[in-house]
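**Q** pasting the structure only:
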C-alpha cells in the first residue's frame, strides 16, 4: 500500500500545482485570495517583531522592578517593545495593516522603513499613510498592477475620460467636472503624447468642443484636426484663439447672470452652451520669447489669457489640459500662477527634478520622489492626483496613433462650431494674406 499511497499523493500534488498555475494565469484575483494572501499575511505576522527591531520601530522599556522585602531589585535589562500591528486585511491587489504608534513616533519613521518592509514581506511595494493621528496604515502591493494593465471600466459621464489603470487596480479616470483643469508633464517618449491621444479619442465621442494649441506646427495635435473645433499651430494663432475663447466666456457669464444661475450646468438644456476642452501641447512654446518686443508681448498675452481661462472657466464649461516636457519657474511667474489653478496633476518621467517639483511639489513631497524614480522602460507610467486630494502611480492605456486618428476622423461630424473662434481665425488669415 505504501507505493500506491505515495503515487496517489504525488498525483494529487501535481494536479494541485497544475490547477494553481491555471488559476494564477486566468483568475489572478482568485489565486491571490486563496494562496498569495494567506502566505504573505503569515509572513507579515512572523517577521514583524524582527523587522521592527532592525528598523528602529521599537521602544525600550524596563521590566517592572521586583521587591524582595524592602530591597528593590535593580539592573533589569531593557525590553524592546514593537508597535502593535493589526491582522493584515486582504485587498484586491495586496493587503493592509494598521500600526499603532508609540508615544513620540511619527509616520516618517515608517516611510524610511518601507523598503525594508517590502523586501522582508517579498512584495512589490509598501506604501505608508496616516489615516488618523497615532496610526499608520501599511499598504502592501503583491505584484505590479501597472506591468500589464487590463482594461478597467468606468461610468460613462460627460467630460469623464477613462485614461488607464491605477496601481490599486482601479480605473484611472480624468473627470473634468470634478477637477476642471489639468497639468501634464513628461519627457520625450515618457507616454505624455499617448495620454493626450487617449484623452482626445475618449472625448471625441462626447458632445464637447475640442480646441488644440500646438505651437510645434501642429505635429502632435494636427493628427486629430478633423475632430478639433479649432487648432492653433503658432503663438500668434494661439493668442487669437485664446482671446476668442475669453470673449466667449464673457458671453457665457452674461447668460448665467441673466438666468440667475452660477454655472452653465444650471441652465436649461436648450440654453446651455457646449463645453469646451482646450488642450495645450508644449506649454513652454507659449511662454518662451526671443527677446523681440512682439515675441515678448505675445508670450505675455498667452500667459494672461490662459490664467483667465483657468480662473473663471470651470463654472462656464471651459476646461484646460496643459502639457509640456518642461514646466519650470524659469518660464516666468505666469507659469507659477497658472500652475496654482490647475488642480489636476500628472507627472510622467521627466528630465529635470524642477519639473517634477513644479508639477507635484506643492501637493506632496513623497509624490515627487516617486515620480523621479520612474524609469525610461516604464512608458505610460505616471504619478497622478485624485479627486480626494491624494496621489497614486498609474499607467495609461496604449492607444496606437492609427487608432486615435481613425477615431478622430470617425467622429469629426460631432465637432461643434465655435463661432467666435472661427471668426477670429478667419480675420487672422485675412490679415496674413
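**A** Cool, got the structure. Just so it is clear, the model here is predicted, and its values are computed rather than measured.

**Q** burial of residue 111, as a residue count?
**A** By the criterion of other CB atoms under 10 Å, residue 111 has 17 neighbours. From N, CA and C alone the C-beta is placed, and that goes for glycine too.

**Q** I meant to write residue 90 there.
**A** By other CB under 10 Å, the residues close to residue 90 number 16.

**Q** list the contacts of it.
**A** Counting by CB atoms under 8 Å, 6 or more residues apart in numbering, residue 90 makes contact with 32-33, 37, 41.

**Q** go with 6 Å
**A** Applying CB atoms under 6 Å, 6 or more residues apart in numbering, one finds that residue 90 lies in contact with residue 37.

**Q** what pairs with it across the strands?
**A** For residue 90, the beta-bridge partners are residue 95 (DSSP bridges).

**Q** okay, now the residue nearest to residue 182 when sequence neighbours are not counted: neighbour count?
**A** Spatial nearest neighbour of residue 182, chain neighbours left out: residue 344 (3.6 Å); criterion: CB to CB, 6 or more residues apart in numbering. By other CB under 10 Å, the residues close to residue 344 number 22.

**Q** buried stuff in stretch 85-93?
**A** 85, 88, 90-91, 93 (16 or more other CB atoms under 10 Å).

**Q** element containing the residue nearest the centre of the chain, please.
**A** Nearest residue to the geometric centre of the chain (CA atoms, centre = their mean): residue 384, 1.6 Å. If you go by DSSP states H and E, residue 384 is part of strand 381-385.

**Q** orientation of the following helix or strand past that strand relative to strand 381-385 in degrees?
**A** Using DSSP H and E, the helix or strand that follows strand 381-385 in sequence is strand 391-396. Counting by axes from the mean of the first three to the mean of the last three CA atoms, to 10 degrees, strand 391-396 lies at 130 degrees to strand 381-385.

**Q** what pairs with strand 391-396, parallel or antiparallel?
**A** Strand 391-396 has these strand partners (DSSP bridges): strand 160-166 (antiparallel), strand 381-385 (antiparallel).

**Q** what residues does it touch?
**A** Contacts for strand 391-396 (CB under 6 Å, 6+ apart): 146, 149, 163-167, 172, 191, 195, 198, 364, 367, 380-385.

**Q** returning to that earlier point: make a markdown table out of the buried residues of stretch 85-93 and add pLDDT and distance to residue 425.
**A** What follows is these, written out as a markdown table (pLDDT from 0 to 100; distance: CB to CB, whole Å):
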| residue | pLDDT | distance to residue 425 |
| --- | --- | --- |
| 85 | 92 | 63 |
| 88 | 93 | 60 |
| 90 | 89 | 57 |
| 91 | 85 | 51 |
| 93 | 78 | 48 |
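
**Q** relative to residue 139, how far out is the residue nearest to the centre of the chain?
**A** For residue 384, the distance to residue 139 equals 17 Å [CB to CB, to the nearest Å].

**Q** how much space between the residue nearest to residue 283 when sequence neighbours are not counted and residue 366?
**A** Spatial nearest neighbour of residue 283, chain neighbours left out: residue 324 (4.0 Å); criterion: CB to CB, 6+ apart. Counting by CB to CB, the gap from residue 324 to residue 366 is 23 Å.

**Q** which of these two has more neighbours?
**A** residue 324 (25 against 16).

**Q** surely that one meets residue 285?
**A** No - checked against CB atoms under 6 Å, the pair residue 324 and residue 285 is beyond contact range at 8.4 Å.

**Q** now do the buried residues in stretch 225-237.
**A** Neighbour counts using 16+ other CB under 10 Å place 225, 227-237 of stretch 225-237 among the buried residues.

**Q** actually stretch 54-62, not the one I wrote
**A** Quick answer for stretch 54-62 (16+ other CB under 10 Å): 55, 57-59.

**Q** and which of those residues is nearest to residue 427?
**A** The closest of the buried residues of stretch 54-62 to residue 427 turns out to be residue 55 (CB to CB; 67.0 Å).

**Q** so how far is residue 387 from that closest one?
**A** Distance, residue 55 to residue 387, using CB to CB: 34 Å.

**Q** please apply the same query to residue 259.
**A** Distance from residue 259 to residue 387, by CB to CB: 28 Å.

**Q** got it, and residue 278?
**A** In terms of CB to CB, residue 278 sits 21 Å off from residue 387.

**Q** when the two are compared, which one has more neighbours?
**A** Applying other CB under 10 Å to residue 278 and residue 387 shows that residue 278 carries more neighbours, namely 24 against 12.

**Q** ok, which stretches of the stretch 51-200 of the chain are helices?
**A** Using DSSP state H, counting those that start in this stretch, the helices found in the stretch 51-200 of the chain span residues 107-112, 114-121, 192-204.

**Q** now stretch 134-141: average pLDDT?
**A** Stretch 134-141 shows a mean pLDDT of 89 in the predicted model.

**Q** for that stretch, which residues meet the burial criterion?
**A** 136-141.

**Q** sorry, back to before: can you list the buried residues of stretch 225-237 in TSV and add secondary structure, distance to residue 406 and pLDDT?
**A** Output for the buried residues of stretch 225-237, formatted as TSV (DSSP: H, G, I helix; E, B strand; the rest coil; distance: CB to CB, whole Å; pLDDT from 0 to 100):
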residue	secondary structure	distance to residue 406	pLDDT
225	coil	14	91
227	coil	11	94
228	coil	15	94
229	coil	19	93
230	strand	21	92
231	strand	18	93
232	strand	24	92
233	coil	22	91
234	coil	27	90
235	helix	30	90
236	helix	31	90
237	helix	26	91
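
**Q** ok, so of these, who is nearest residue 422?
**A** Using CB to CB, residue 230 is the member of these that lies nearest residue 422, at 7.2 Å.
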